[in-house]
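K.L.:
predicted model follows, preceded by the sequence.
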Amino acid sequence: MEPRQQEDRETFHAGFLDKEPLKEVDEDMVSEVDLNNTVTEEEREEMENELIKLEEEITTLKQVLASKEKRHLELKQKLGITPLNELRQNFSRSWYDMQTSTAYKKTSETLTTAGQRTSVAFSNLGNAISRKFGDMRNSPSFKSFEEKVESTVSNIKSKVGGTGGAGSFEDVLSSAAQASAQDTPTNNVTENSEH
């Protein structure tokens, strides 16, 4: 590194590495810098007058706005427009705007198509399941299972005291309920003997 570059580098680092904080004198010097040196007294007076006029105009506009807001509220009250009605109208308008937007239309079309495809898929699934159950019911193992259930039902009927062969599952249940009801009076006998 050349000597001049080394010197510049040390000077640069020295400014950042000063360990002493700013003194009050330094701060005062900064605050005493007159930024208005470029403005003449006449220009300054002109700007102050403009500032006063602007403040007066702002005050006037605020008064006009307050008056118009008051009249606005009076007209709404006379017309029967309540905040709830306004909210409803705004919601309806927003809902309509949303429904007429292209994004909503595209999304709606996509969802409709997806719904139709899902409906077809479920219909096909239902048909496939029905077909499988039909195939399964006609299979030899299901026939064997069905025969075993029928013979078990017949055995239960004959033990319960029903007719020996044909009958529905509901008949078997009602027979079992009747048999259970016949067992109940024996419990009553034991209760009477205790009294």
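P.N.:
Good, I have the coordinates. These figures come from a predicted structure and were not determined experimentally.
K.L.:
and Lys157, how many neighbours does it have?
P.N.:
19 (other Cβ atoms under 10 Å). In this view, the C-beta of every residue, glycine as well, is placed from N, C-alpha and C.
K.L.:
how much space is there between it and Ser174?
P.N.:
Lys157 is 11 Å from Ser174, where distance means Cβ to Cβ, to the nearest Å.
K.L.:
please identify the helix or strand for Phe142.
P.N.:
Taking DSSP states H and E as the definition, Phe142 sits inside helix 140-160.
K.L.:
just checking, what packs against that helix?
P.N.:
Other elements packing on helix 140-160 under the criterion 3 or more Cβ pairs under 8 Å, 6 or more residues apart in numbering; DSSP states H and E are helix 169-194.
K.L.:
how about the strand or helix carrying Glu46: buried residues?
P.N.:
Following DSSP H and E, one finds Glu46 within helix 41-79. Applying a neighbour-count criterion of 16 or more other Cβ atoms under 10 Å, helix 41-79 contains no buried positions.
K.L.:
and Ile81, backbone torsions?
P.N.:
Geometry field for Ile81 lists phi and psi as phi -90, psi 110, criterion degrees, to the nearest 10.
K.L.:
what's the pLDDT at Glu170?
P.N.:
pLDDT, the model's per-residue confidence, is 72 for Glu170.
K.L.:
run a quick neighbour tally on it.
P.N.:
By other Cβ under 10 Å, neighbour count at Glu170 equals 8.
K.L.:
equivalent analysis for the one 10 residues further on, please.
P.N.:
Ser180 sits with 10 neighbouring residues when counted by other Cβ under 10 Å.
K.L.:
give me the distance between it and Glu170.
P.N.:
Separation of Ser180 from Glu170 (Cβ to Cβ): 15 Å.
K.L.:
okay, now the unreliable bits of the protein?
P.N.:
Low-confidence regions of the chain, defined by pLDDT under 70, span residues 1-37, 161-169, 172, 182-195.
K.L.:
what's around Val153, how many residues?
P.N.:
One way to gauge burial is a neighbour count; for Val153, by other Cβ under 10 Å, it gives 18.
K.L.:
ok, Lys132 next?
P.N.:
The local packing of Lys132 (other Cβ under 10 Å) involves 10 other residues.
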